[in-house]
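>>> fold the following, please.
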Amino acid sequence: MRTKLRSTICLVLIVSLTPACATIGSNRTYDLALGGAAAGAAGGALLSPNDESRGLNALVFGLTGALVGGLVGILTGDRSEKPEPKSAQISTPKQGDGSRELMLPVPAQIPDFVKARIQPVIVEEYMEAATIGEDGTLREPHKVYRIKRPAEFSATPIAGGGK
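Residues are numbered from 1 along each chain as shown. The predicted structure follows:
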C-alpha cells in the first residue's frame, strides 16, 4: 500500500510540475508557487515518519514550498516583462496625413427656421493602424469615422409667445 501511495504522489508531482516548467509568460510567480506547493506537499507526505502526521506534514511543507516557489518567481522574474495596461494597448485615433473632415449637409426637407438653428455634424475620417483587441485578436488597418462635433440644435425662444 505504501509503494502505491508513493508512486501516486510521484506521478501527481511530475504532472503538476510539468506545466509549471513549460509555460512561458507573466504567470511565472504563480507557476513556481504551485510547483513549490506540489513538491512540498509530496515531499512532506513521502518523508513523513508515521501515518498520523502525514496530512499535517503535507500541509506544512506544501505551504512552505508555495512560499519559497513564489519568492523564487518574484526574485527571478524579469521586471521588464510586465504587460501594458489594457488602456495603453487600445490605440487612440491618430490625426495625420490621411485624416480629413467631412461636413454632413442639413437635409432639405427641414423648415428654414429649423435649418437656421442646426449646426451640422462634423465627421473625421482616418486610417487606423493595426491594433490588438482586449481579447487578443488582431485588427487589421481599416478606415475609421469619428464624430468630431455632433449636431447641435439651439433652442432660442421665439418672441411673442408662440401664437
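
>>> average pLDDT for the one helix or strand Leu67 maps to?
If you go by DSSP states H and E, Leu67 is part of helix 54-76. Per-residue pLDDT values over helix 54-76 give a mean of 84.

>>> packing partners for it?
Packing contacts for helix 54-76, counted by 3 or more Cβ pairs under 8 Å, 6 or more residues apart in numbering; DSSP states H and E, involve helix 28-46. C-beta here means a position set from N, CA and C on the backbone, and glycine is covered the same way.

>>> what segments of this structure are helices?
Assigned by DSSP state H, the chain shows helices spanning 2-22, 28-46, 54-76, 86-89, 112-115.

>>> Thr131 versus Arg146, what's the distance?
15 Å (Cβ to Cβ, to the nearest Å).

>>> okay, domains of the protein per the record?
Following automatic domain parsing, one finds the domains of the chain at 2-81, 86-153.

>>> hey, least reliable of those by pLDDT?
domain 86-153 - the lowest mean pLDDT of the domains of the chain, at a mean of 71.

>>> show me what contacts Phe61?
40-41, 43-44 (Cβ atoms under 8 Å, 6 or more residues apart in numbering).

>>> and the helix holding Leu67, C-alpha only, in CSV?
Taking C-alpha atoms only, helix 54-76 is exported to CSV below (Å, rounded to 0.1, in the frame of the first residue of the first chain):
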residue,chain,number,x,y,z
ARG,A,54,1.3,12.6,7.0
GLY,A,55,-1.5,15.1,6.4
LEU,A,56,-0.1,17.7,8.7
ASN,A,57,3.4,17.3,7.2
ALA,A,58,2.0,17.6,3.6
LEU,A,59,0.1,20.8,4.6
VAL,A,60,3.1,22.4,6.3
PHE,A,61,5.6,21.5,3.6
GLY,A,62,3.1,22.4,0.9
LEU,A,63,2.6,25.9,2.3
THR,A,64,6.4,26.3,2.8
GLY,A,65,7.0,25.1,-0.8
ALA,A,66,4.4,27.6,-2.1
LEU,A,67,6.1,30.5,-0.3
VAL,A,68,9.5,29.5,-1.5
GLY,A,69,8.3,28.9,-5.1
GLY,A,70,6.5,32.3,-5.1
LEU,A,71,9.6,34.1,-3.7
VAL,A,72,11.8,32.5,-6.3
GLY,A,73,9.4,33.5,-9.0
ILE,A,74,9.4,37.1,-7.8
LEU,A,75,13.1,37.3,-7.4
THR,A,76,13.9,35.7,-10.8
